[in-house]
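**Q** Just to be clear, the model below is a prediction. Sequence and coordinates:
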Amino acid sequence: MAGSWLSCLLGPGGWQVISGSRPEGRGSAILWHPAGAVGARLLLSSVLLYAGLSKAGHAGELARIVYGYRILHPDLVNLAAITLPWIELSAGALLLVGLLRPSAAVVAGGLLGAFIVAVGLAMARGIEAPCGCFSLALTGERIGWWLLARDGILALLGVYLVLHPARCLEMDSLLG
Amino acid sequence: MNRRWERRDQGTVLLGAAAIVAFALCLGLVMNQFSSRGLPLFASEETLRPETPAEVAYIGLEEVSRRRAEPGTVVIDARSSEDFAALHLDGAVSLPVSEFSSQLPSFEKRLRAATLLVCYCESIACDDGARLAALLSSEGYHEVVLMYEGLEGWQGAGYPVSSDRVGGK
């Protein structure tokens, strides 16, 4: 089982692609190598799971941070704080195991896109509130350009995972 | 790759995404319902700070640290005078929001000459700083800002604090 799973990475399905034997060309072959999808999945799912675990069960603290962005109407702040960590956790867990990968990547990309908009709007208004990304500490990471860049890169990983055709080390491939 | 994406049932992917979000929403609501620290679904004014007027901006700890030494900057503690005496931001003055009307005249001259008024209270969760900033703004003071994190955030970040009590910092 493990051998057949790994063969998609190291066997013909992987190496033939990276060697450029497919019609897409060498650059495209490298970009769309199955290992790329596996790496992107692991990276994006790790970030989402860590972010979700650090916030789940601490809705009160998260609500104050969400409120600090001053984007959502106050009535909706609690609802966002209650549900956001679980969206991160759900998308992260599905990406990790490779179940419904394109859909989970759409969710992850959408979530990161929403974060980018929120951070951008807050920055435009001169708000320097804590970002609430991986910590609810008031002295934790603050919103800024670095955060925008990081979320942008992660959102691109989400798009990449939506488009990537390979099914390597994924539960989806087991289920057909 | 593009052909693969075109062939893929995009509707199914989006439907899956919607299902994931719906599942996560339900999970979050259920966990919140059974959590001892659960929140009401819709925030109230008791759980969130009141909004400050649009002209009152937030200011971060670093910028306060950088600008508080400037001659035109006045840092104002909105908490009670007892809380102020116990611990306050180094160099701050006390103007309790509950005594705003009675105490403002004694600060009038200094505040009018200031170029930046920084208000704060205990923590991110308190509202006295926001209320004081709103009151000062309504009195016609310009450049009124709110130090969002409050004394708790200031102290937690390692910036200097003072105490008026004997043996205090």
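**A** Okay, I see it.
**Q** Just say helix, strand or coil for A:I116.
**A** helix (DSSP: H, G, I helix; E, B strand; the rest coil).
**Q** from memory it sits against A:R150, does it?
**A** No - the criterion here is Cβ atoms under 8 Å, and A:I116 misses it with A:R150 at 9.8 Å. Every C-beta, even on glycine, is put in place using the N, C-alpha and C of the backbone.
**Q** is any part of the longest helix seen in chain B close to chain A?
**A** Ranked by residue count and defined by DSSP state H, the top helix of chain B is helix B:10-34. Yes - shown here: helix B:10-34 in contact with chain A (Cβ under 8 Å from any Cβ of the partner chain) through B:12-17, B:19-21, B:23-25, B:27-29, B:31-32.
**Q** Check the residues you listed for burial and list the buried ones.
**A** Buried residues within those, counting neighbours by 16 or more other Cβ atoms under 10 Å in any protein chain shown: B:13, B:16-17, B:20-21, B:24-25, B:27-28, B:31-32.
**Q** Closest one of these to B:S162?
**A** B:N32 (40.5 Å; Cβ to Cβ).
**Q** Remind me what the host helix or strand of A:N78 packs against, helices and strands.
**A** Using DSSP states H and E, A:N78 sits within helix A:74-97. Helix A:74-97 sits against helix A:34-55, helix A:59-69, helix A:101-124, helix B:10-34, with contacts defined as 3 or more Cβ pairs under 8 Å, 6 or more residues apart in numbering or on different chains; DSSP states H and E.
**Q** Give me the domain ranges for chain B.
**A** Annotated domains of chain B cover B:2-34, B:57-162 [automatic domain parsing].
**Q** so B:A69, which of the three states?
**A** On the basis of three-state DSSP, B:A69 is classed as coil.
**Q** what's the burial count for it?
**A** Per other Cβ atoms under 10 Å in any protein chain shown, the neighbour tally for B:A69 reads 8.
**Q** From chain A, how far off is it?
**A** 19 Å (Cβ to the nearest Cβ, to the nearest Å).
**Q** Which residues are in contact with that residue?
**A** B:G91 (Cβ atoms under 8 Å, 6 or more residues apart in numbering or on different chains).
**Q** okay, which residue is most central for chain B?
**A** In chain B, the C-alpha nearest the mean C-alpha coordinate belongs to B:Y148, at 2.6 Å (Cα atoms, centre = their mean).
**Q** B:E63 is in contact with that one, correct?
**A** No - in this structure B:Y148 lies outside contact range of B:E63 using Cβ under 8 Å: 11.0 Å.
**Q** mind listing what's buried in whichever helix or strand comes after the longest helix of chain B?
**A** Proceeding N to C from helix B:10-34, the next assigned helix or strand is strand B:57-59, under DSSP H and E. Buried residues in strand B:57-59, counting neighbours by 16+ other Cβ under 10 Å, are found at B:57-59.
**Q** Restricting to those residues, which residues neighbour chain A?
**A** The subset of those within reach of chain A, by Cβ under 8 Å from any Cβ, is B:57-59.
**Q** In CSV: the residues you listed, plus pLDDT.
**A** Below are those laid out as CSV (pLDDT from 0 to 100):
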residue, pLDDT
B:A57, 82
B:Y58, 82
B:I59, 88
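**Q** and which of those is nearest to A:G68?
**A** B:Y58 (7.7 Å).
**Q** follow-up on the earlier one: deepest-packed of the helices and strands packed on helix A:74-97, please.
**A** helix A:59-69 (a mean of 23; mean count of other Cβ atoms under 10 Å in any protein chain shown).
**Q** Can you list the helices and strands that that helix packs against?
**A** Using 3+ Cβ pairs under 8 Å, 6+ apart, helix A:59-69 sits against helix A:74-97, helix A:101-124.
**Q** I'd like these as JSON lines, with mean pLDDT appended.
**A** Shown next, in JSON lines, are the helices and strands packed on helix A:59-69 (pLDDT from 0 to 100):
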{"stretch": "helix A:74-97", "mean pLDDT": "94"}
{"stretch": "helix A:101-124", "mean pLDDT": "93"}
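**Q** What count of nearby residues applies to the residue lying closest to A:L175 once chain neighbours are set aside?
**A** Spatial nearest neighbour of A:L175, chain neighbours left out: A:L99 (7.9 Å); criterion: Cβ to Cβ, 6 or more residues apart in numbering or on different chains. Other residues within reach of A:L99, judged by other Cβ under 10 Å, total 17.
**Q** Spit out the contact partners of A:L99.
**A** Listed by Cβ under 8 Å, 6+ apart, the contact set of A:L99 reads A:170-172, A:175.
**Q** Among the residues you listed, which one is most surrounded by other residues?
**A** Counting by other Cβ under 10 Å, top hit in the contacts of A:L99: A:E170 with 21 neighbours.
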